[in-house]
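>>> 3D model of this:
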Amino acid sequence: MNKITIYTDGAARGNPGPGGYGTVLISGAHRKELSGGFALTTNNRMELLAAIVGLEALKKANSLVTIYSDSKYVVDAVEKKWVFGWEKISFKNKKNADLWRRFLKIYRKHKVNFVWVKGHANVKENERCDQLAVEASLQSNLPQDVGYVSDNQ
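The predicted structure follows:
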């Protein structure tokens, strides 16, 4: 079975504000870094998107994945099974429904375990993800976060 470790982080300068996500995937000797940013978004959206992008980058289904995140929002929603309750009520009155639906679609293709890590606590790969997320949020001509904009008009 494919074993993958994914580190994730999200950032927003202002909440909402320009934001970005950073993801580091590690499998054996292989390493991949992914990041992206948006003109107007929230920290929670970027935290969740970092996990989604990491999972979507996996080439083989049924991988054994451990995701390290400093987001209680993301980790608790999955590990405490809140997101599955939200899904049963079609995410009524829940923020980020577009991303949670996208997350569940890819989540179900793998065996995923989340581990919460304290942010800014010298966890090397989490610090790298933070750097990637912040750098992505600072890019010029960032695209719109369509899911955020459409929910908040």
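
>>> surely residue 24 meets residue 4?
No. Residue 24 is not in contact with residue 4 according to Cβ atoms under 8 Å; the separation is 10.9 Å. Placement of C-beta: from N, CA and C, glycine included.

>>> just name the shakiest helix or strand of the chain by mean pLDDT.
helix 146-151 (a mean of 84; mean pLDDT, DSSP states H and E).

>>> what helices and strands are in contact with that helix?
Packing partners of helix 146-151 (3 or more Cβ pairs under 8 Å, 6 or more residues apart in numbering; DSSP states H and E): strand 30-41, helix 97-107.

>>> and the ones you listed: which comes nearest residue 61?
Evaluated over the helices and strands packed on helix 146-151, closeness to residue 61 peaks at helix 97-107, with 9.9 Å, by Cβ to Cβ.

>>> buried stuff in that closest one?
Buried residues in helix 97-107, counted by 16 or more other Cβ atoms under 10 Å: 97, 98, 99, 100, 102, 103, 106, 107.

>>> reformat these as TSV; add distance to residue 141 and pLDDT.
Compiled in TSV, those are given as follows (distance: Cβ to Cβ, whole Å; pLDDT from 0 to 100):
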residue	distance to residue 141	pLDDT
97	27	96
98	23	96
99	22	98
100	28	98
102	24	98
103	27	98
106	28	98
107	31	98
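
>>> any idea how far residue 58 is from residue 121?
Look at residue 58 and residue 121: by Cβ to Cβ, to the nearest Å, they are 27 Å apart.

>>> more neighbours, those two?
residue 58 (18 against 9; other Cβ atoms under 10 Å).

>>> give the contact list for that one.
Shown in contact with residue 58 (Cβ atoms under 8 Å, 6 or more residues apart in numbering): 2, 4, 25, 65, 109, 110.

>>> tell me what the fourth one is bridged to.
Residue 65 has these beta-bridge partners by DSSP bridges: residue 4, residue 112.

>>> shift numbering so it begins at 13
Noted, 13 is the first residue going forward, which turns the last one into residue 77.

>>> for it, report the pLDDT, please.
What the model reports as pLDDT for residue 77 is 98.

>>> also the third one?
In the prediction, the pLDDT value recorded for residue 37 is 98.

>>> packing partners of the helix or strand it falls within?
Per DSSP states H and E: residue 37 is located in strand 29-39. Judged by 3+ Cβ pairs under 8 Å, 6+ apart, strand 29-39 is in contact with strand 15-24, strand 42-53, helix 55-68, helix 136-149.
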